[in-house]
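Visitor: here are the coordinates; sequence isn't available:
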Ligand code: PXG
């Protein structure tokens, strides 16, 4: 269907160069499997699985059917002091996949809400245990934890923080990020250099005293900032420091959960168990917005005291545990094992890594990074025009190569479908190469 100028003016698009976009809009009207259909009738390959969301492909028939059936059976029910059968079933299934000892989950509608919920739970947990001084939250430079005030405050993406600098929540500090081009460039998988950077948390403990620190939140593999895999041994050290000081460790797994790094949770792949895990995206394969916060049993149990008629945690969303979202989630969580998705994702890692690193030495490329099915090709910025080369790559891929490529500034990011075939990976990077060879 044609989209007139009038139709595209009203929508203020998220994280988009609106004026530039609206000059020549890239509008998507349909999707099936690994392809989008565009408004001008082309089939365009999606190299980003939605926005890290849709690892099973678009419009998976089982999820479509589950949503259709659920919306006709129970479209909505209040989630406070009542709950849908399907939300309870999803919670059971989700915690069964989670690391041992993490037997409870709380539902949200997005990654940002999962993060803010997790931060509030961490603060409230210490308080209900009589440790109310633990109010400080620690994030990491270059971290992305969504756009709500809590997540923004613990986040470390300068561009996202700049406009809101004076409005961050108080009591937040950041450990340094783990990227150092001097020591680790063109590394395949986890860098061997950098485990010691976890000690930066000790610096903040020394500054604030552990008795004032509630939690430390990191992405196990930093995503949005351009894929920064953790140095080998880094997360283990962070875990050890948190445990020693009674600081809760939160893994923000909005990207890394549900197969993106070859296991249900990044915690499992990386062999480090946090106290709280935040999720969204792949929970429903992106089909209906939904997130979940999964907590260690001790955290949940600490709240279960006082009179039984009293609400234990004054927190929740109108749409927490939404039945249609929960039905999509249940279907997605069933598909992952039924179709052997995590194994398939893992089997693709070698091919993906090979394809990405074949860009080492390309005239524009200054670094390549990857872990699991997360990959980045970082290009040098043009003089005086940072981000322009990335944007041009994105547009040229879309219009000339029928390929959707995600870019953050001049870094191209790749999140192939978990059920890609090796030839899909090859095709994606052949297209990318043609574009990079062509642009300045
Ligand atoms: N935490 C992490 C680790 C994320 O990656 C969020 C929280 C926020 O989720 P919501 O659902 O509120 O957007 C995210 C979101 C990209 C990209 O290009 C990444 C995200 C969103 C959009 C684009 O890397 N991550």
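Guide: Thanks, I have it. Computed from a prediction, not measured in an experiment: that's the story for all the values here.
Visitor: Could you show which parts of the stretch 201-350 of the chain are in contact with the ligand?
Guide: 219, 223, 224, 252, 254, 255, 280 (C-beta under 6 Å from any ligand atom). C-beta: built from backbone N, CA, C; applies to glycine.
Visitor: between those residues, which has the most around it?
Guide: Among these, residue 252 has the most neighbours (other C-beta atoms under 10 Å), with 33 neighbours.
Visitor: Is that residue bridged to anything, and to what?
Guide: Judged by DSSP bridges, the bridge partners of residue 252 are residue 278.
Visitor: dump the residue contacts of residue 230.
Guide: 178, 190, 220, 221, 270 (C-beta atoms under 8 Å, 6 or more residues apart in numbering).
Visitor: Relative to residue 272, how far out is the residue lying closest to residue 98 once chain neighbours are set aside?
Guide: Nearest residue to residue 98, sequence neighbours excluded (C-beta to C-beta, 6 or more residues apart in numbering): residue 294, at 5.0 Å. Going from residue 294 to residue 272 by C-beta to C-beta, to the nearest Å gives 15 Å.
Visitor: what does residue 376 give?
Guide: For residue 376, the distance to residue 272 - C-beta to C-beta - is 22 Å.
Visitor: ok, now residue 56?
Guide: Plainly put, residue 56 is 26 Å away from residue 272 if you go by C-beta to C-beta.
Visitor: ditto for residue 302
Guide: Relative to residue 272, and taking C-beta to C-beta, residue 302 is found at 22 Å.
Visitor: and residue 207, how many neighbours does it have?
Guide: Neighbour number of residue 207 under other C-beta under 10 Å is 11.
Visitor: Which strand or helix spans it?
Guide: For residue 207, the host element (DSSP states H and E) is helix 200-208.
Visitor: other SSEs contacting that helix?
Guide: Contacting helix 200-208 under the criterion 3 or more C-beta pairs under 8 Å, 6 or more residues apart in numbering; DSSP states H and E are the following elements: strand 136-140, strand 172-175, strand 213-218, helix 234-245.
Visitor: 7 Å instead?
Guide: Here helix 200-208 touches strand 136-140, strand 172-175, helix 234-245, going by 3 or more C-beta pairs under 7 Å, 6 or more residues apart in numbering; DSSP states H and E.
Visitor: got the angle between it and strand 213-218?
Guide: Using axes from the mean of the first three to the mean of the last three C-alpha atoms, to 10 degrees, the direction of helix 200-208 lies 150 degrees away from that of strand 213-218.
Visitor: could you give the mean pLDDT of helix 200-208?
Guide: Averaging pLDDT along helix 200-208 yields 98.
Visitor: ok, back up a step: possible to save the residues of the stretch 201-350 of the chain next to the ligand as a markdown table with secondary structure and pLDDT?
Guide: Listed next are these as a markdown table, based on DSSP: H, G, I helix; E, B strand; the rest coil; pLDDT from 0 to 100:
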| residue | secondary structure | pLDDT |
| --- | --- | --- |
| 219 | coil | 98 |
| 223 | coil | 98 |
| 224 | coil | 97 |
| 252 | strand | 99 |
| 254 | coil | 98 |
| 255 | coil | 98 |
| 280 | coil | 98 |
